[in-house]
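> test case, fold it:
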Amino acid sequence: MAYVISLMFLVISTVWAGFYFSKNPEKARLFAKKVFAGNIALFVAILVFAVIGLFPTNVFAEGTTQAAVTDTNNNLGLGLVGAALATGLAAIGAGVGVGMVGAASVGAISEKPELLGKTLIYVGLAEGIAIYGLIVTIMILGRI
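All right, here's what the predicted structure looks like:
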């Protein structure tokens, strides 16, 4: 129930912010800059914690009886980071591609409506980049 209430609050606040900022475009620009700066700061903080998490945490005193100590946590962490990068960068690339192709296709369709089928093929090809990223991620996770 809390999930539904929080989701409804998010939807209502988004609609309210849309109406409010459509009336005040200068405030919208300042708010967007603050949100962007906050997102960058949060991303940097998460990145720092992720890099710290990649270092092995096992410390062994010299002279222990263990002949060989294998630490797979570091390899697991690097594999997960690689899988996340494959998915994330492919999704960003697909978003950029779909944005560019979609804008051009809307312009072409407005002039010649019969080009709709051809432009959908190009948008689908741009979306395929994200599928390739998911396939690479599945392959990486299968090797971990």
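
> from now on I want contacts and neighbour counts done on CA atoms only, so please keep to that.
Will do.

> flag the shaky bits of the protein, pLDDT-wise.
Scanning the chain for pLDDT under 70 picks out 56-74.

> give me the domain ranges for it.
The record assigns the chain these domain ranges, following automatic domain parsing: 1-55, 70-144.

> could these go into TSV alongside mean neighbour count?
Below are these laid out as TSV (neighbours: other CA atoms under 10 Å):
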stretch	mean neighbour count
domain 1-55	12
domain 70-144	15
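
> distance from the chain centre to the helix ranked longest in the chain, please.
The longest helix of the chain (DSSP state H) is helix 73-111. A distance of 8 Å separates the C-alpha centroid of helix 73-111 from that of its chain, computed with CA atoms, centre = their mean, to the nearest Å.

> next secondary structure element downstream of it?
Counting by DSSP states H and E, the next helix or strand C-terminal to helix 73-111 is helix 116-143.

> that following helix - contacts with which helices or strands?
Judged by 3 or more CA pairs under 8 Å, 6 or more residues apart in numbering; DSSP states H and E, the packing partners of helix 116-143 are helix 73-111.

> the helix it packs on to helix 116-143, inter-axis angle?
Angle of helix 73-111 versus helix 116-143, following axes from the mean of the first three to the mean of the last three CA atoms, to 10 degrees, is 180 degrees.

> just give the nearest non-adjacent residue to the residue positioned nearest the centre of the chain, would you?
By CA atoms, centre = their mean, the chain has its centre lying nearest to G88, at 4.5 Å. Leaving aside its sequence neighbours, G88 sits nearest to G133 (CA to CA, 6 or more residues apart in numbering; 7.9 Å).
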